[in-house]
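In: turn this into a model:
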Amino acid sequence: MTGSKQDEFISSISPFYFERVYKEMLEKIGHGRMYLFETGGHPAMLSNPDEFYTISIEFLHSGHPLS
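Out: Next comes the predicted model:
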């Protein structure tokens, strides 16, 4: 799960929205990872394409189960 700390939509709801909501979702799912970009807007994957690509490849090669 990715997000940007500077997301203009989400940060208007709560400055810690991603931390709170993603943590709850990951606890319910039972596995996964959260990565928050320091900069960038909405959506984070488009405002941080190179870094998003890198962390995505690392996650997919980690052997982390997808289900």
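In: against which helices or strands is whichever strand or helix holds residue 21 packed?
Out: Mapping residue 21 onto the secondary structure by DSSP states H and E places it in helix 17-29. Packed against helix 17-29 by the contact rule (3 or more C-beta pairs under 8 Å, 6 or more residues apart in numbering; DSSP states H and E) you find no helix or strand. (Each C-beta comes from the backbone N, C-alpha and C, glycine too.)
In: just the strands in the protein please.
Out: In the chain, the strands defined using DSSP state E lie at 2-4, 35-37.
In: out of those, flag the one nearest residue 45.
Out: Shortest distance between residue 45 and these, using C-beta to C-beta, is found for strand 2-4: 6.2 Å.
In: buried residues in stretch 52-62, which are they?
Out: residue 52 (16 or more other C-beta atoms under 10 Å).
In: for that stretch, C-alpha coordinates in CSV please.
Out: Extracted in CSV, the C-alpha atoms of stretch 52-62 (Å, rounded to 0.1, in the frame of the first residue of the first chain):
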residue,chain,number,x,y,z
PHE,A,52,7.1,3.5,-7.0
TYR,A,53,8.6,1.2,-9.6
THR,A,54,11.6,0.3,-7.4
ILE,A,55,9.5,-0.5,-4.3
SER,A,56,7.0,-2.5,-6.4
ILE,A,57,9.7,-4.6,-7.9
GLU,A,58,11.3,-5.2,-4.5
PHE,A,59,7.9,-6.2,-3.1
LEU,A,60,7.2,-8.6,-6.0
HIS,A,61,10.6,-10.2,-5.7
SER,A,62,10.4,-10.6,-1.9
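In: now that stretch: average pLDDT?
Out: The average pLDDT within stretch 52-62 is 93.
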